[in-house]
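Novice: Here is my input; please provide its structure:
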Amino acid sequence: MAIPFIYPPYYPPMFLVLGEVLKKCLGGGLEKMFRWIAHKVRRASVKAYERDIKDFTNSLKGMDGSELGALLVSASYLKSNLEEGGVLPRASLSLSIPRDEAECGKVALHISQLIQEFQKAGHNGDAAAAMVWLHSVRALNAPEIRYLGKSMWRELCRGYAHFEEAFDLFEKLFSEQQKVLPKTILFDLGFIPDGLDPDE
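Specialist: All right, here's what the predicted structure looks like:
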């Protein structure tokens, strides 16, 4: 007599089971609950972004024009590399280009990880340059802190009067290390992300 093959019972993934249980318990209010959780998480994130950008802007207030000029050249060089590597799409720094909020969120996460790597390696100048773009992307993503992004750029703009002077200094340093600082960085003279102009 042949032994019948018994199929193992099907066990749905736990999150599906939990979802069904919650749906029955909450009387269809599961979607509402998830929306509420997402809202709470977003609010906490925006609060953290607000604190970070305020701290960064305060540090910029203590810098003179030549220091800000050097920071802007360093930030422009980093932006050029991030754009070339496909990490920083143009839409992430502009409100006039159709943007995917989720993708822009990933950009901020990637830059945040880059800052941590720079800090671990003791490259604080590079970390500060990356912070310019991190706070810009975050401010464009969260309308609640956009005014803080504008305040940050008001401080940064004080450095544009010293941008070319700082570029010449960086070019000399690069040359001493047998490296080339791309002249295209000079095109960034006066650059402000669209949506963060302090005079608009």
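Novice: contacts and neighbour counts: CA atoms only from here.
Specialist: Fine.
Novice: quick one, what contacts the residue minimising distance to the centre of the chain?
Specialist: The centroid of the chain falls nearest to Ala108 when counting by C-alpha atoms, centre = their mean (2.5 Å). Residues near Ala108 by C-alpha atoms under 8 Å, 6 or more residues apart in numbering: Leu134, Val137, Arg138.
Novice: swap in Asp199?
Specialist: Residues counted as contacts of Asp199 (C-alpha under 8 Å, 6+ apart): none.
Novice: pretty sure it belongs to a strand, no?
Specialist: No - secondary structure of Asp199 (DSSP: H, G, I helix; E, B strand; the rest coil): coil, not part of a strand.
Novice: Need phi/psi at it.
Specialist: Here is the backbone geometry of Asp199 (degrees, to the nearest 10): phi -100, psi 10.
Novice: One more: Ser94?
Specialist: Main-chain torsions, Ser94, degrees, to the nearest 10: phi -150, psi 140.
Novice: Ser94 is in contact with Leu88, correct?
Specialist: No - applying C-alpha atoms under 8 Å as the test, Leu88 and Ser94 come out as separate, 11.2 Å apart.
Novice: of those two, who's got more company?
Specialist: When Leu88 and Ser94 are compared on other C-alpha atoms under 10 Å, the one with more neighbours turns out to be Leu88, at 22 against 18.
Novice: Looking at the contacts of Ala108, spot the one nearest Val46.
Specialist: Val46 lies nearest to Arg138 out of the contacts of Ala108, by C-alpha to C-alpha, at 8.7 Å.
Novice: I figured the closest one hits Tyr49, correct?
Specialist: Yes - here Arg138 reaches Tyr49: they are 7.2 Å apart, a contact under C-alpha under 8 Å.
Novice: which one of the two has more residues nearby?
Specialist: Between Arg138 and Tyr49, Arg138 has the larger neighbour count (other C-alpha under 10 Å), namely 24 against 19.
Novice: Now do the SS call for that one.
Specialist: Assignment for Arg138 (three-state DSSP): helix.
Novice: Quick check: phi and psi at the residue nearest to it when sequence neighbours are not counted.
Specialist: Using C-alpha to C-alpha, 6 or more residues apart in numbering and skipping the chain neighbours, the partner closest in space to Arg138 is Ala108 (6.6 Å). The phi/psi pair for Ala108 (degrees, to the nearest 10) reads phi -60, psi -40.
Novice: Against Ser175, how distant is Ala108?
Specialist: 32 Å (C-alpha to C-alpha, to the nearest Å).
Novice: Quick one: distance of stretch 82-95 to the chain centre.
Specialist: When distances are taken as C-alpha atoms, centre = their mean, to the nearest Å, stretch 82-95 is centred 10 Å away from the chain's centroid.
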